[in-house]
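A.B. asks: can't give you the sequence, but here's the structure:
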């Protein structure tokens, strides 16, 4: 692929894994916080593992809190990267990027549902989307998180762990996944491949 | 949980012992023979449908030595399922290097017993979701006791802690997952220690992984259905090929256990 893919350096530990997953698709992604590099990219990925507060601090320190919501090319948020795309997170009472409306809340433990939500879970589609054809039927994805986004009109697919939460969301050029496509075997690879073919 | 209701799958987790960057098989603790290349074995298990892999540096903790991380980078490049690295992680700096190399989780055992505050510091720094606590437990004097330095029979000793107390404490300190290795069952292949795991489950609010005792397919169904564990870890039955993961997963699925099938 001839795409110029940029990974925004949000300081998360999954950056190396995302980079490796892209390499398996023959894409050499550039890790950066430079505005001109991000603006000139064909595809932008916002990975993230960790807490919302420090991650937003890092984005703000580089002026990326204003740059990211204004991007015009396809943007994919992964895990914490997805959560940062909402208006606000209860984790550390953090104001986020505001691309999606909604408040990130802690998952509530319930009978038989342990927190963190850790492991493989399925997507339940809320909207028709080309991804349904791109992904295997009843795709399993790998999740690791204790906070999640509510199911809203931006939700493409939700998952169930006691309560339901947004597993994928989309608004315009912004796509987001709560799970880790880089660790979700063939289904995750299919998602990344689909994202990279989006224009 | 029914296999038909949407929700989290129970995990099947092969554990690979690593020494000097190669997968080895222990024979009565002391002698280890090389069984293969880490990346090739990791890929094989990934292709068979393993939900996660654990790599355990078997010599690291007793020898006060840290893990060599070059193989972690190599595994991370080829593998697209999560993996955990155990053994020899006793400092924030080593944990940082292992996670940066691509490991999704790190597992602490003896170092957490030496210095329980390490759990708090690592959970604060890296997040609970990547901090796994491994516990080696043995039945003794009508209770379960934690064993320390189990990688080396010359150094193994009692940790002077009750297993169930330690399970409560590590959760309070920020552990995101617990692997309970029941040493009486380990290597005997008569099944997981369901009684002990049920007791652990009743006080464990984070994911709980059963370890030790798997010998046949029934044992996996028993531990999921009776002890409600989130995952089952095994080594020799997978390495020897006695249990093929695809067969195991299809069989568990047919028993109405929530299992990820490709």
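C.D. replies: That came through fine. Keep in mind that this is a model prediction, so the values were computed, not measured. Numbers count the residues shown, from 1 in each chain, chains lettered A, B, ... in the order given.

A.B. asks: in the sheet, which strands lie alongside the top strand by length along chain A, parallel or antiparallel?
C.D. replies: If you go by DSSP state E, chain A has its longest strand at strand A:163-171. With DSSP bridges as the test, strand A:163-171 is paired with strand A:155-161 (antiparallel), strand A:174-177 (antiparallel).

A.B. asks: against residue B:74, how distant is the most centrally placed residue in chain A?
C.D. replies: Closest residue to the average C-alpha location of chain A: residue A:78 at 2.2 Å, with CA atoms, centre = their mean. Residue A:78 sits 23 Å away from residue B:74, taking CB to CB, to the nearest Å as the criterion. For glycine as for every other residue, the C-beta is placed from the backbone atoms N, C-alpha and C.

A.B. asks: remind me which residues of the chain are low pLDDT?
C.D. replies: Just so you know, I chose chain A. Scanning chain A for pLDDT under 70 picks out the ranges A:1-2.

A.B. asks: my question was about chain B, not that one.
C.D. replies: If you take pLDDT under 70 as the line, chain B has these spans: B:1-5, B:26-33, B:59-67, B:151-153.

A.B. asks: do that again at 50, thanks
C.D. replies: Counting by pLDDT under 50, chain B contains low-confidence residues at B:1-3, B:28-29, B:61-62.

A.B. asks: so where does the spatially most central residue of it fall, helix or strand?
C.D. replies: Here the mean C-alpha position of chain B is nearest to the C-alpha of residue B:179 (CA atoms, centre = their mean), at a distance of 5.1 Å. Under the criterion DSSP states H and E, the helix or strand holding residue B:179 is strand B:177-182.

A.B. asks: for residue A:170, the count of nearby residues, please.
C.D. replies: By other CB atoms under 10 Å in any protein chain shown, the residues close to residue A:170 number 17.

A.B. asks: give the contact list for the residue of chain A positioned farthest from its centre.
C.D. replies: Most distant residue from the mean C-alpha position of chain A: residue A:111, 27.7 Å away (CA atoms, centre = their mean). Not one residue lies near residue A:111 by CB atoms under 8 Å, 6 or more residues apart in numbering or on different chains.

A.B. asks: what comes up buried for the longest strand of chain A?
C.D. replies: A:164, A:165, A:166, A:167, A:168, A:169, A:170 (16 or more other CB atoms under 10 Å in any protein chain shown).

A.B. asks: mind putting the residues you listed in CSV, distance to residue B:231 included?
C.D. replies: Listed next are the buried residues of strand A:163-171 as CSV, based on distance: CB to CB, whole Å:
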residue, distance to residue B:231
A:164, 23
A:165, 21
A:166, 25
A:167, 21
A:168, 25
A:169, 28
A:170, 32
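
A.B. asks: between these, which is closest to residue B:42?
C.D. replies: residue A:167 (26.7 Å; CB to CB).

A.B. asks: residues touching that closest one, list them.
C.D. replies: A:121, A:123, A:124, A:141, A:143, A:155, A:157, A:158, A:159, A:177, A:178, A:179.

A.B. asks: list of residues touching the helix or strand harbouring the first one?
C.D. replies: With elements delineated by DSSP H and E, residue A:121 resides in strand A:117-122, which encompasses its position. Around strand A:117-122, the neighbours that count as contacts under CB under 8 Å, 6+ apart are A:107, A:138-146, A:148, A:159-161, A:167, A:179, A:184, B:6-9, B:11, B:51-52, B:129, B:176-177, B:207, B:230-231, B:260.

A.B. asks: and the residue nearest to the centre of chain A, how close does it get to chain B?
C.D. replies: Here residue A:78 is placed at a distance of 13 Å from chain B (CB to the nearest CB, to the nearest Å).

A.B. asks: next, count neighbours for residue 34.
C.D. replies: Picked chain A for this. Residue A:34, neighbours per other CB under 10 Å, totals 13.

A.B. asks: looking at chain B here, not the other one
C.D. replies: Using other CB under 10 Å, residue B:34 has 11 other residues around it.

A.B. asks: so after the strand holding residue B:179, what's the next helix or strand?
C.D. replies: helix B:194-203.

A.B. asks: buried residues, that next one. List them.
C.D. replies: B:194, B:196, B:197, B:199, B:200, B:201.

A.B. asks: and the angle for the strand holding residue A:121 with strand A:155-161?
C.D. replies: 120 degrees (axes from the mean of the first three to the mean of the last three CA atoms, to 10 degrees).

A.B. asks: residue contacts, residue 54?
C.D. replies: In the absence of a named chain, chain A is used. residue A:11.

A.B. asks: that's the wrong chain, I wanted chain B
C.D. replies: B:13, B:14, B:15, B:16, B:83, B:84, B:85, B:86, B:107, B:179, B:233.

A.B. asks: what do you get for residue A:29?
C.D. replies: Residue A:29 touches A:5, A:6, A:7, A:18, A:19, A:22, A:23, A:45, counting by CB under 8 Å, 6+ apart.

A.B. asks: my guess is the fifth one meets residue A:7, correct?
C.D. replies: To tie it back to what came earlier, the one meant is residue A:19. Yes: in terms of CB atoms under 8 Å, residue A:19 counts as a neighbour of residue A:7; the distance is 6.3 Å.

A.B. asks: what is in contact with the two at once?
C.D. replies: A:29, A:31.

A.B. asks: who has more neighbours, the two?
C.D. replies: residue A:7 (25 against 22).

A.B. asks: helix, strand, or coil at that one?
C.D. replies: For residue A:7, the assignment made with DSSP: H, G, I helix; E, B strand; the rest coil gives strand.

A.B. asks: how near is it to residue B:73?
C.D. replies: 17 Å.

A.B. asks: measure the nearest residue to residue A:159 once chain neighbours are set aside to residue A:185 for me?
C.D. replies: Counting by CB to CB, 6 or more residues apart in numbering or on different chains, the nearest residue to residue A:159 once its immediate chain neighbours are dropped is residue A:167, at 4.1 Å. For residue A:167, the distance to residue A:185 equals 16 Å [CB to CB].

A.B. asks: how about residue B:179?
C.D. replies: 22 Å.

A.B. asks: residue A:10 too?
C.D. replies: Taken as CB to CB, the span from residue A:10 to residue A:185 is 24 Å.

A.B. asks: again, but for residue A:49
C.D. replies: For residue A:49 relative to residue A:185 (CB to CB), the value is 19 Å.
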